[in-house]
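*Asks:* What would the 3D arrangement of this be:
(one chain, ligands or ions: 3)
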Amino acid sequence: MNFENHPCFNAKAHKAFGRVHLPVAPRCNIQCKFCNRKFDCVNESRPGVSSGILTPYQAMIYLEEVFKQKKNISVAGIAGPGDPFANPEETMETLRLVRAKYPDIMLCVATNGLSIAPYIDELAELKVSHVTITVNALETGIGTQIYSWVRYNKRVLRAEKGVEILMKNQIQAIKKLKDRNIAVKVNTIIIPGINEDHIEAVAAKMSELGVDILNCVPYYPNKGSSFEHIKEPSKEMVKEIRKKAGAYISQMTHCTRCRADAAGLLGDIPDLLLMKRLQECEQLAESRPEKKYNRDRPNVAVASMEGVLVNQHLGEASKLLIYGKKDGIISLLEARKTPERGTGFLRWTQLGETLADCGTLLVSGIGESPKKALSTTGINIMEIEGVIDEAVQAVFEGQSLKHLIKRNMTACGLGCTGSGAGCG
Ligand SMILES: C[S@@+](CC[C@H](N)C(=O)[O-])C[C@H]1O[C@@H](n2cnc3c(N)ncnc32)[C@H](O)[C@@H]1O
Ligand code: SF4
Ligand code: SF4
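*Replies:* Ligands and ions are numbered 1, 2, ... in the order given. From the prediction side, this is the model:
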């Protein structure tokens, strides 16, 4: 992990390294008057927008796809579309799953800071290295102009009460994050006529707290928000504010005000294929990975042409034989249909669901794409050749199948016994 490769925290990295935002956090615990998360349009590239919402499990499948399409991703983050800690279970589960599968990827979250504190110790354990907190005001009088309400401990607080808790929690969160050695970026939205003269004070305080970098983000006018009448700050205003703030703390000047499902280099136009993938992932039936990884996957799926040998390539199998124990005896339970060919990536994620009760899949060959999609679900895939009865028995008895593993096997390559039609 090279912490220098974060494209937002380090300006030098942003042309070479990208980020992916996993949109697993739809709800929010405060209402900023500049934010509107109601609309999505592929052409609309602004914070709070996402082409879909994913569960942690769906996010893992989507992430695989992102890594396939984009080779330069150094960091996976959660930035809404609401607030990560208004959705703490989804957020923490996603971070745990990503860390378990990708030990070397940088992890990052962006939050308003209201409710992050109880999670900071675990964030540090998960090696979440970068956190962004949005701090728009340090004074109650300014805060009450920016926030409509704050929901804290299941109560909705308006006016001074809510703003004071928000500001107090933000400061405490920053201190705790710095104590745990986590890099902190602060986003401050420049809202003309509201906080433009206050940002220098924010910069001074953030510097005192040891914040690593300040991102003075120009307000993006948002139809449907309470601030829709306010104009975007001029380039001159942004430059002037950053110059003043820069006297206290280093400045991020390359922020592109990304969508909550952004993927790739900062400033890349939204990738239509990935958006489509995200929507496909959103359609997948909810299956929490821990249910899949656990012991209640007692069965074994087998690809076979005639029902005697493990001798079929997964891509060519229109059905799989499911073996399990019936009255304590290993038996053929059923022949289960596989999803239709021709749906590409979706076919394999659907197959993962079809095999939710199977801990092992025995095939004579498998392509790279299904291998990746299925391994995300926790199934153990073995490319072997041999007699089904012998192989299935070995799986049930926990014996090695080494002697059955095919030699020179390359996924969907030289060793493949399929027709060459591939796994599509
Ligand atoms: C959508 S939020 C999600 C993370 C978290 N809820 C937060 O506010 O920090 C990501 C960032 O976008 C900013 N943002 C939202 N609406 C904006 C707007 N209209 N103009 C500029 N920045 C905006 C937020 O202030 C925050 O810094
Ligand atoms: S905290 Fe973030 S998601 Fe929530 S309203 Fe404010 S900007 Fe929007
Ligand atoms: S909104 Fe700014 S800080 Fe957040 S990911 Fe995009 S470029 Fe980085």
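*Asks:* Close to ligand 3: what parts of this structure are there?
*Replies:* 8, 19, 79, 110, 215, 255-258, 266 (Cβ under 6 Å from any ligand atom). Just so you know, the C-beta spots here come from the backbone N, C-alpha and C atoms, and that holds for glycine as well.
*Asks:* Tell me if I'm right that Ile165 and Leu157 touch.
*Replies:* Yes: look at Ile165 against Leu157 with Cβ atoms under 8 Å: they come within range, at 6.6 Å.
*Asks:* what about Glu306, how many neighbours?
*Replies:* As a burial measure, Glu306 scores 8 neighbours (other Cβ atoms under 10 Å).
*Asks:* can you check Ile213 too?
*Replies:* 20.
*Asks:* What's opposite it in the beta bridge?
*Replies:* Counting by DSSP bridges, Ile213 is bridged to Lys185.
*Asks:* what's the nearest residue to Asn181 if we skip its chain neighbours?
*Replies:* Once flanking residues are discounted, Asn181 sits nearest to Ala124: 7.3 Å by Cβ to Cβ, 6 or more residues apart in numbering.
*Asks:* Now do the same for the one you found: helix, strand or coil?
*Replies:* helix (DSSP: H, G, I helix; E, B strand; the rest coil).
*Asks:* so where's the chain shaky on pLDDT?
*Replies:* 1, 38-45, 285-295, 406-424 (pLDDT under 70).
*Asks:* Please parse it into its domains.
*Replies:* Split into domains by automatic domain parsing, the chain comes to 18-286, 292-404.
*Asks:* Tabulate those (TSV), appending distance to Phe3.
*Replies:* As requested, the domains of the chain are exported to TSV (distance: least, Cβ to Cβ, whole Å):
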stretch	distance to Phe3
domain 18-286	6
domain 292-404	26
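*Asks:* Kindly present those domains as CSV, with separate columns for distance to ligand 2.
*Replies:* Below are the domains of the chain laid out as CSV (distance: least, Cβ to the nearest ligand atom, whole Å):
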stretch, distance to ligand 2
domain 18-286, 3
domain 292-404, 28
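*Asks:* Nearest to Asn2, out of the ones you listed?
*Replies:* Minimum separation from Asn2 across those (Cβ to Cβ) falls at domain 18-286, 7.6 Å.
*Asks:* Briefly note if the closest one comes near ligand 1.
*Replies:* Yes: using Cβ under 6 Å from any ligand atom, domain 18-286 comes into contact with ligand 1 via 28, 34-35, 47-48, 79-81, 83, 110-112, 134, 187, 189, 217, 219-220, 222, 257, 260.
*Asks:* In ChimeraX, how would I select the buried members of those?
*Replies:* Restricted to buried positions by 16 or more other Cβ atoms under 10 Å, the ChimeraX selection for these reads:
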select :28,34,35,47,48,79,80,81,83,110,111,112,134,187,189,217,219,220,222,257,260
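*Asks:* can you pull out the helices in the stretch 1-150 of the chain?
*Replies:* Here the stretch 1-150 of the chain has its helices, by DSSP state H, counting those that start in this stretch, at 56-69, 88-101, 120-125, 140-146.
*Asks:* ranges for the strands of the stretch 201-350 of the chain?
*Replies:* Ranges of strands within the stretch 201-350 of the chain are 213-218, 263-264, 299-302, 309-310, 319-326, 329-337, based on DSSP state E, counting those that start in this stretch.
*Asks:* In CSV: these, plus distance to Tyr62.
*Replies:* Below are the strands of the stretch 201-350 of the chain laid out as CSV (distance: least, Cβ to Cβ, whole Å):
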stretch, distance to Tyr62
strand 213-218, 26
strand 263-264, 9
strand 299-302, 24
strand 309-310, 31
strand 319-326, 25
strand 329-337, 26
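*Asks:* Of those, which stretch is the most buried?
*Replies:* The highest mean neighbour count among the strands of the stretch 201-350 of the chain, using mean count of other Cβ atoms under 10 Å, belongs to strand 299-302: a mean of 26.
*Asks:* Contacts for it next, please.
*Replies:* By Cβ atoms under 8 Å, 6 or more residues apart in numbering, the list of residues contacting strand 299-302 from outside reads 310, 320-324, 333, 336, 355, 357-363, 379, 388, 391-392, 395-396.
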